[in-house]
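> got a structure for you, letters missing:
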């Protein structure tokens with residue numbers, strides 16, 4: 001038998017910690033808050049949208065089929081990009097991820113529609129995108145975008161917002177709580 005008090009032979013071993021108090025301070029919480037970066041989150045989100053648009057155009061061209069549910073993948077990718085680069089702890093980062101997901105799904109749909117039109121007309125996607133005028137948009141929204149595209153964009157925004165905030169360990173959460181309490185006192 002060990003020297004530990006209350007060592008019951010019927011009790012399972014504790015795997016979640018030794019019961020000692022967490023060594024965290026408000027200064028650790030301040031460092032977590034200082035590590036946040038809105039600029040990095042926005043830049044990473046824009047890069048993710050561009051790379052995803054290229055990926056979606058490639059898949060569409062490869063299989064000659066439009067997959068509207070790909071915007072869900074965009075939402076998850078945006079959420080992770082905002083989480084990893086922004087290191088956010090508050091409401092701003094899920095909001096940024098959701099707005100970028102909505103804008104990214106629209107932009108990606110525009111690029112995919114332009115690439116399909118370019119393949120049909122025998123020109124490049126950039127030529128189609130450069131020749132877009134004010135009169136082109138109503139036709140695009142009537143013929144290309146559907147209710148399913150809007151639904152997938154909203155779900156992608158929800159997924160992006162869900163995955164956008166940083167996941168904290170117990171000591172990090174405790175340090176952040178101490179920092180918030182110190183700030184409010």
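Now that the structure is in, tell me what you want to look at. All figures in this text were calculated on a predicted structure; none of them were measured in a lab. Residues are numbered from 1 along each chain as shown.

> Look up phi and psi at residue 184.
When read as degrees, to the nearest 10, the backbone of residue 184 gives phi -80, psi -20.

> Give me the distance between it and residue 115.
52 Å (Cβ to Cβ, to the nearest Å). Placement of C-beta: from N, CA and C, glycine included.

> So those two - more neighbours on which side?
The residue with more neighbours, out of residue 184 and residue 115, is residue 115; 22 against 6, by other Cβ atoms under 10 Å.

> hmm, who's touching the helix or strand containing residue 79?
Assigned by DSSP states H and E, residue 79 belongs to helix 70-86. The contact list for helix 70-86, computed with Cβ atoms under 8 Å, 6 or more residues apart in numbering, reads 36-38, 40-41, 43-45, 47-49, 52, 56, 59, 88, 93, 96-97, 100-101, 104-105, 108-109, 149, 152-153, 155-167.

> next one: stretch 174-181
So stretch 174-181 is contacted by 22, 24, 25, 26, 27, 28, 29, 30, 32, 33, 89, 168 (Cβ under 8 Å, 6+ apart).

> for this protein, what are the low-confidence residue spans?
The chain contains residues with pLDDT under 70 at 1-19, 21-22.

> Now the helix or strand where residue 173 lies: buried residues?
Of the helices and strands defined by DSSP H and E, residue 173 is found in helix 170-184. Residues of helix 170-184 classed as buried: 172, 173, 174, 175, 176, 178, 179 (neighbour count, 16 or more other Cβ atoms under 10 Å).

> Ok, stretch 68-81 next?
Buried, per 16+ other Cβ under 10 Å, within stretch 68-81: 68, 70, 71, 72, 74, 75, 77, 78, 79, 80, 81.
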